[in-house]
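A.B. asks: Build me a model from this:
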Amino acid sequence: MDYKQMTAPCGLDCFNCVMYLAQENEQLRKTIGGAMGLPPEQAACRGCRGEGGKPVFLNMTEPCHAYKCTEKRSIDFCYECPDFPCDHLQPYADMASQYPHNMKVYNLCLIKRMGLESWAKTKAKSVRDTYYTGKFKL
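C.D. replies: Here you go, the predicted model:
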């Protein structure tokens with residue numbers, strides 16, 4: 001698997017997202033489509049880079065700010081920027097339970113420390129699972 005292609009510049013692990021996994025699973029596309037009110041062909045995603053920074057299922061008309069910024073700066077990941085972390089990576093409580101955007105900075109730090117391949121194979125799934133099912137700890 002090309003982990004660089006399947007990891008968004010902001011650090012989201014597209015390869016673990018149900019919308020990405022739906023590409024190869026017709027039943028999953030139908031289930032997602034029904035839940036989101038989308039036709040099955042729109043209930044799948046090729047990942048941030050594959051969609052040019054604007055996932056079809058989010059009905060975005062322009063790429064997200066982090067994607068546009070990394071393109072402009074000719075870098076692969078936000079952590080490579082001298083301004084990292086910046087406001088493009090600001091976590092939000094709004095829709096946090098549905099979208100994993102609040103784990104971006106944590107993932108980017110792990111990718112920087114562990115390397116992309118090691119993070120993708122050993123840590124990305126557990127970060128996502130903890131985000132959705134873990135208990136808050138201080």
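
A.B. asks: Name the nearest residue to residue 32, ignoring sequence neighbours.
C.D. replies: Spatially, and ignoring its direct neighbours in sequence, residue 32 is nearest to residue 43 (4.0 Å; Cβ to Cβ, 6 or more residues apart in numbering). Placement of C-beta: from N, CA and C, glycine included.

A.B. asks: Please verify my assumption that that neighbour contacts residue 27.
C.D. replies: No - at 10.9 Å, residue 43 does not count as touching residue 27 under the criterion of Cβ atoms under 8 Å.

A.B. asks: Between those two, point out the one with more neighbours.
C.D. replies: Between residue 43 and residue 27, residue 43 has the larger neighbour count (other Cβ atoms under 10 Å), namely 23 against 9.

A.B. asks: The residue nearest to residue 32: what's it in contact with?
C.D. replies: By Cβ atoms under 8 Å, 6 or more residues apart in numbering, residue 43 lies in contact with 19, 22, 28-30, 32-33, 36, 57.

A.B. asks: do you know how far it is from residue 78?
C.D. replies: To residue 78, residue 43 is 28 Å away according to Cβ to Cβ, to the nearest Å.

A.B. asks: Could you do residue 18 as well?
C.D. replies: Taken as Cβ to Cβ, the span from residue 18 to residue 78 is 23 Å.

A.B. asks: quick one, helices of the protein?
C.D. replies: 18-21, 26-36, 65-73, 104-114, 116-122, 124-133 (DSSP state H).

A.B. asks: same question for the fifth one, mean pLDDT?
C.D. replies: What that stands for is helix 116-122. Mean per-residue pLDDT for helix 116-122: 98.

A.B. asks: What is the neighbour count of residue 82?
C.D. replies: With other Cβ under 10 Å as criterion, residue 82 counts 7.
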